[in-house]
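Peer 1: predicted coordinates and the sequence they were generated for:
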Amino acid sequence: MNKENPKLSQHSDEELIKRFQEGDLYAFDLIVHRYKDALFNFTYRYLGNSQEAEDVVQETFLRIFRNRFAYRQIAKFSTWIYTIAGNLAKTELRKRKRRRQVYTSDMGFDDKEFEIEDTHADTEREVDSMLTEKHIQEAIDKLPERFRKVILLVDVQELSYEEVSKIMRVPLGTVKSRVNRARLKLQGMLQELFDAQR
Amino acid sequence: MNSCDRITRNAHRYLDGTLSPREKQEMDAHLQNCPRCAESLAWARRSRQMLHALPRHTPSSNFDVVLHARMRQTAYERRSLWPLTMPDWLWQAPAYGAAALILIGAGIFIDRQFELGPNHPVAAQMAVVEESSTPARAAADPTMAPAVSKAPAAGIAGERLAASMPASPAAEVEDLASTRRDYTQAHKRYVMQKFSMQSLIRENRKAVGNRQAALEQLAFDTMQVRETTGRSRNLPGIRPVNASVQF
């Protein structure tokens, strides 16, 4: 990795990707540095698994590395990168469903010890007085995919409705309606969990 | 929809501050008199706080190392497997070029095979026929004289008959020889097409073989990268169920 260049680090995402398109690899490193945590947090919350989330983020950056010239400065760079990551995460979710369908019937009791544990995240951290991160993640996992994505982008990643509308390629009104429904569903599930904990 | 349902539905819009002044006023009034809706609103606020309070997870410490290794791998693939990454038409061009060269070579070879030497029995027979059909020989041999010349040249019907019939046995022989040449040419074309198809099939098989070998090499290289980076899991697309499987 190159030495930190203060001038370059002040550039906007769009300027960095332009420099990367011109062959400046350090600009790409800066993009990775800016987005890796945010993208990982988003995909981790979306998939609920850190290994899969890391794979998706790696693949997102590799796609950008390979297809750098596909980016045109008509859209925000963050919209483009979140669209790629979101699509890859969705594909990963589908793959996981297929794997589950295949393996659950094949896997005997003895095989289960070989499953790789997700030890990366400490999900027992308390978020509320009664509910831990694990409880909230379980509630997020139960949300339908279209609600999960939108609530994560708006309430966890704190992106604007307009940007989420572009990322998900749905009208602004649909985003607002989905966010509202997702929040109400999540609220209901958390209330039930809270009552069960008492 | 009763007013409690409407309050529940609008709870998050209330928190966002996106209700109209009239809706907000109605909601405030309702909340003061309805403890159930007040509790629901408190839960809406609390669930949002919980989402915001979720800890931010970060990728593993070797994320950059693995990413750079995979970027190098991508660059290497692009160099070493460039026939796989270039457009199809460009990838097929050498195969078609080679096929065209083979066709030209095969054409020349076949052409030479069909050339009849002076000692060839067919060539000898052709020579005899050609010799007998020359005018000098025809004049000397009365049996070879033109049949039409003996016929009375009377009227248009006679001329037409003469035109439709072979002028002489020599012309008939020439006609047969021409037909034979046509057949020979057609056979040549058939053999050349057969050769071209066979060579194209061979070239395509070879190209498919090369592509397969390149893909195997890529799979092997990917496994090597995984080992060197010390990751305990596979890259996307290669995912064993059983962790005891070692490469």
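Peer 2: It's in.

Peer 1: any weak-confidence spans in chain B?
Peer 2: Judged by pLDDT under 70, chain B has its weakly predicted residues at B:1-2, B:78-91, B:113-167, B:224, B:226-247.

Peer 1: next one: chain A
Peer 2: In chain A, residues with pLDDT under 70: A:1-9, A:101-130, A:198.

Peer 1: domain ranges for chain A, per the record?
Peer 2: A:9-99, A:125-198 (automatic domain parsing).

Peer 1: closest to residue B:216 out of the ones you listed?
Peer 2: With distances scored as C-beta to C-beta, the stretch of the domains of chain A nearest to residue B:216 is domain A:9-99 (21.1 Å). Every residue, glycine included, has its C-beta placed from N, CA and C.

Peer 1: the closest one and chain B, are they touching?
Peer 2: Yes - contact of domain A:9-99 with chain B (C-beta under 8 Å from any C-beta of the partner chain) involves A:32, A:36-37, A:40-41, A:44-45, A:50-51, A:53-55, A:57-59, A:61-62, A:65-66, A:92, A:99.

Peer 1: about what we covered before: would you turn the domains of chain A into TSV with distance to residue B:12 and mean neighbour count?
Peer 2: Shown next, in TSV, are these (distance: least, C-beta to C-beta, whole Å; neighbours: other C-beta atoms under 10 Å in any protein chain shown):
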stretch	distance to residue B:12	mean neighbour count
domain A:9-99	19	18
domain A:125-198	5	17
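
Peer 1: where do the helices sit along chain A?
Peer 2: Using DSSP state H, the helices found in chain A span residues A:6-9, A:13-21, A:25-47, A:50-66, A:77-106, A:133-142, A:145-151, A:161-168, A:172-197.

Peer 1: of all these, which one comes closest to residue B:217?
Peer 2: Across the helices of chain A, residue B:217 has its closest neighbour in helix A:50-66 (18.8 Å, C-beta to C-beta).

Peer 1: need the helices of chain A in CSV with distance to residue B:33, can you?
Peer 2: Output for the helices of chain A, formatted as CSV (distance: least, C-beta to C-beta, whole Å):
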stretch, distance to residue B:33
helix A:6-9, 55
helix A:13-21, 50
helix A:25-47, 38
helix A:50-66, 46
helix A:77-106, 43
helix A:133-142, 31
helix A:145-151, 31
helix A:161-168, 32
helix A:172-197, 22
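
Peer 1: ok, which of the ones you listed comes nearest residue B:177?
Peer 2: Nearest of the helices of chain A (C-beta to C-beta): helix A:50-66, 66.1 Å.

Peer 1: tell me the spacing between residue A:100 and chain B.
Peer 2: 11 Å (C-beta to the nearest C-beta, to the nearest Å).

Peer 1: okay, now that residue: neighbour count?
Peer 2: 10 (other C-beta atoms under 10 Å in any protein chain shown).

Peer 1: and residue B:59, helix, strand or coil?
Peer 2: coil (DSSP: H, G, I helix; E, B strand; the rest coil).

Peer 1: look up how far residue B:11 lies from the closest residue to it other than its chain neighbours.
Peer 2: Closest residue in space to residue B:59, ignoring its immediate chain neighbours: residue A:40 at 4.5 Å, by C-beta to C-beta, 6 or more residues apart in numbering or on different chains. Distance of residue A:40 to residue B:11, given as C-beta to C-beta, to the nearest Å: 31 Å.

Peer 1: and for residue B:20?
Peer 2: Taking C-beta to C-beta, one finds residue B:20 at 15 Å from residue B:11.

Peer 1: of those two, who's got more company?
Peer 2: Taking neighbours as other C-beta under 10 Å, residue B:20 and residue B:11 compare with residue B:11 leading, 25 against 9.

Peer 1: surely that one touches residue B:40?
Peer 2: Yes - Residue B:11 sits in contact with residue B:40 when judged by C-beta atoms under 8 Å, with a separation of 6.1 Å.

Peer 1: which elements pack onto the lengthiest helix in chain B?
Peer 2: Determined from DSSP H, the single longest helix within chain B is helix B:169-229. With contacts defined as 3 or more C-beta pairs under 8 Å, 6 or more residues apart in numbering or on different chains; DSSP states H and E, the packing partners of helix B:169-229 are helix B:63-80, helix B:82-85, helix B:88-114, helix B:121-132.
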